[in-house]
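A.B. asks: missing the sequence, but the structure's below:
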């Protein structure tokens, strides 16, 4: 058996430089004292408070930017799994959130452990979301604006490294108007070009923002706020569209037609794809993400989409997963939709904490 504590320092330094998240650094540093001394901790920059002056509207809004991370927590040998979202507050305390919403889990049990030793579990960081919410401690929001509805997810770009808080956000305002916020000058300026209709989805990818409207037009926006439309549109029939990144790929998901497109950056167009290969795609109004099927099952082939029913049937109606809201699985291979409760690989994955986690209290 390998003696991990004796790995050479130059190799540990090389690995440490590739760690991207605070959670990766925590697990890396917990292996051995030599690993801990080779790599400094990654400090959490969130939450970040910032004022926004919106050009043309002549008023200031105060916001707070937070990061929410989606974890897959499981027992060894896939004997139990739980998908959960976690938010870390300014005091370093974690709050558990339903992975398909922006709300915390209710109090599930007085026996839920206050602390968990991550070495007892298989822990995989699947994705993260950037969430914008009003900072109620600094100023009450003005009513009547779309921004005053409290909390939403947004694409973010780090422009000069994560430590100096130089970032850009793509934000929406009245009737789907698009603004780019730059932390450097603390202002929101409307994007030069703008969609003819409401923006249905947005994402940050390779240093740019991508936004698509309900006519199938895709707008590419640089942090400088210069923008251009992709020359080729996709079908305008979609009610619900989602832009989701997976590594170095950007996907466009049409949940009305159950179609998947991948961006060809060189040709500046969307190419329809018929397979997600060995991945499973989770779709939600408040964040979507890919995960390797090998983390969930050894006998499921993947190539599927897991989604809430209200994603398709209603743009505005909310469905409470915690009360047994319907979740479904769409298989790209046979174009079949079935209830998630009939899929053994994903049973009890998305709901309240599983019984086995209370054994670690």
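C.D. replies: Noted; the coordinates are in hand. Not measured: the values here are computed from a predicted model.
A.B. asks: that's a strand at residue 126, yeah?
C.D. replies: Yes - assignment of residue 126 by DSSP: H, G, I helix; E, B strand; the rest coil places it within a strand.
A.B. asks: can you count the residues close to it?
C.D. replies: Using other CB atoms under 10 Å, residue 126 has 17 other residues around it. Bear in mind the C-beta positions are built from the backbone N, C-alpha and C, glycine included.
A.B. asks: what's the answer for the one 4 residues further on, then?
C.D. replies: Burial of residue 130 is recorded as 19 neighbouring residues (other CB under 10 Å).
A.B. asks: Skipping its backbone neighbours, what lies nearest it in space?
C.D. replies: Among residues not flanking residue 130 along the chain, residue 156 sits closest, at 4.3 Å (CB to CB, 6 or more residues apart in numbering).
A.B. asks: Surely that neighbour and residue 129 touch.
C.D. replies: No - taking CB atoms under 8 Å as the definition, residue 156 is not a contact partner of residue 129, at 9.6 Å.
A.B. asks: so how far is residue 48 from the residue nearest to residue 130?
C.D. replies: 10 Å (CB to CB, to the nearest Å).
A.B. asks: Among those two, which residue is more densely surrounded?
C.D. replies: Neighbour tally, residue 156 and residue 48, criterion other CB under 10 Å: the higher count belongs to residue 156, 19 against 16.
A.B. asks: Run through the bridge partners of that one.
C.D. replies: Beta-bridge pairing for residue 156 (DSSP bridges): residue 169.
A.B. asks: what's near enough to touch it?
C.D. replies: By CB atoms under 8 Å, 6 or more residues apart in numbering, the contact list for residue 156 reads 65, 130, 167, 168, 169, 204.
A.B. asks: which residues sit against the helix or strand hosting the last one?
C.D. replies: So the one you mean is residue 204. If you go by DSSP states H and E, residue 204 is part of strand 199-205. Applying CB under 8 Å, 6+ apart, the contact partners of strand 199-205 are 154-157, 170, 172, 176, 178, 209-214, 238, 240-245, 250, 252, 263.
A.B. asks: Mark which of the residues you listed are buried, thanks.
C.D. replies: 154-157, 170, 172, 176, 178, 209-214, 238, 240-245, 250, 252, 263 (16 or more other CB atoms under 10 Å).
A.B. asks: ok so, going back, and of the contacts of residue 156, the nearest to residue 76?
C.D. replies: Nearest to residue 76 out of these is residue 130 (CB to CB; 32.1 Å).
A.B. asks: tilt between whichever strand or helix holds the closest one and strand 199-205?
C.D. replies: Assigned by DSSP H and E, residue 130 belongs to strand 122-134. Inter-element angle recorded for strand 122-134 and strand 199-205: 120 degrees (by axes from the mean of the first three to the mean of the last three CA atoms, to 10 degrees).
A.B. asks: Which residue ranges of the chain form helices?
C.D. replies: Here the chain has its helices, by DSSP state H, at 9-16, 22-29, 33-38, 310-313.
A.B. asks: Tell me which of these sits nearest to residue 346.
C.D. replies: Shortest separation from residue 346 across the helices of the chain is recorded for helix 310-313, at 16.3 Å, computed as CB to CB.
A.B. asks: Could you count how many residues lie near the nearest residue to residue 128 once chain neighbours are set aside?
C.D. replies: Residue nearest to residue 128 in three dimensions, not counting chain neighbours: residue 69, with 4.7 Å by CB to CB, 6+ apart. Residue 69: 19 surrounding residues under other CB under 10 Å.
A.B. asks: Same question for the one 4 residues further on.
C.D. replies: A count of neighbours around residue 73, defined by other CB under 10 Å, yields 20.
A.B. asks: which residues sit in contact with it?
C.D. replies: 81, 82, 83, 84, 121, 122, 123, 357.
A.B. asks: Quickly name whichever of those residues is closest to residue 10.
C.D. replies: Scanning these for proximity to residue 10, where the rule is CB to CB, the winner is residue 123, at 27.2 Å.
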